[in-house]
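Undergrad: build me a model:
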Amino acid sequence: MLSWSFPSGARGKGGFTLLELIVVCALIGIMLSLSIPSLRTTFFSDPLKTTARRLIGLVNGVRELAVREQQPYLLHINQGEKRIWYEREDKKEKKDKKANMEDDKRHRQELRLPEGITISAVWMGKDDSLQDQTTLWITKQGYMMQTLIQIEDDAGNNLKVQFFPFLDSAVIAD
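TA: Predicted coordinates for the structure are as follows:
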């Protein structure tokens, strides 16, 4: 029968003690408790970044809705009213008025920009949009023209959100 034994000097030197592990966990906890509040305010209190994230969420949601329902959608960007909304492209007349109103509520949601944030420019493809309202067409496959939307706050800081025709991802640049 084989028996395992440690050399006399090697016993108890193979790992960490419970006390050492508790001290390390306590230090990690203290560092996290000090750093998380400052990170949270950085991520959630900047209205410009929050608006950019909400804009990306809206556009990606419309693209997914177009694919799911196999219907093209229109994304309207109104710079003067500071809002972005979407609707289904085909406005088929339904016999039931109540069903038509419920369908409009479901397919017409909007993003209103917070106070102090404006849409300063919209570029679609190679064209600059200097008009008050721009309409993007999203195909039933979820494709859209390459678009760059620039949002700006009262302090003059701006972010550019770029959407790509065939990708669901967006890029945010200063």
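Undergrad: let me know the pLDDT of M124.
TA: For M124, the pLDDT comes out at 83.
Undergrad: wait, it touches I149, no?
TA: No. Using C-beta atoms under 8 Å, M124 is not in contact with I149; the gap is 9.5 Å. In this view, the C-beta of every residue, glycine as well, is placed from N, C-alpha and C.
Undergrad: among these two, which residue is more densely surrounded?
TA: I149 (26 against 19; other C-beta atoms under 10 Å).
Undergrad: in the protein, where is pLDDT below threshold?
TA: Low-confidence segments of the chain (pLDDT under 70): 1-13, 41-44, 91-108, 126-131.
Undergrad: can you point me to the longest helix in it?
TA: helix 18-44 (DSSP state H).
Undergrad: now the element after that one, going C-ward?
TA: helix 47-69 (DSSP states H and E).
Undergrad: show residues contacting the helix or strand just after that following helix.
TA: Tracing the chain C-terminally past helix 47-69 and defining elements by DSSP H and E, one meets strand 73-78 next. Residues from elsewhere that reach strand 73-78, judged by C-beta atoms under 8 Å, 6 or more residues apart in numbering: 59, 62, 65-66, 84-89, 107, 119, 122, 132-138, 144, 149.
Undergrad: could you pick out the buried ones from those?
TA: 59, 62, 65-66, 84-88, 119, 122, 134, 136, 138, 144, 149 (16 or more other C-beta atoms under 10 Å).
Undergrad: perfect, I'm done here.
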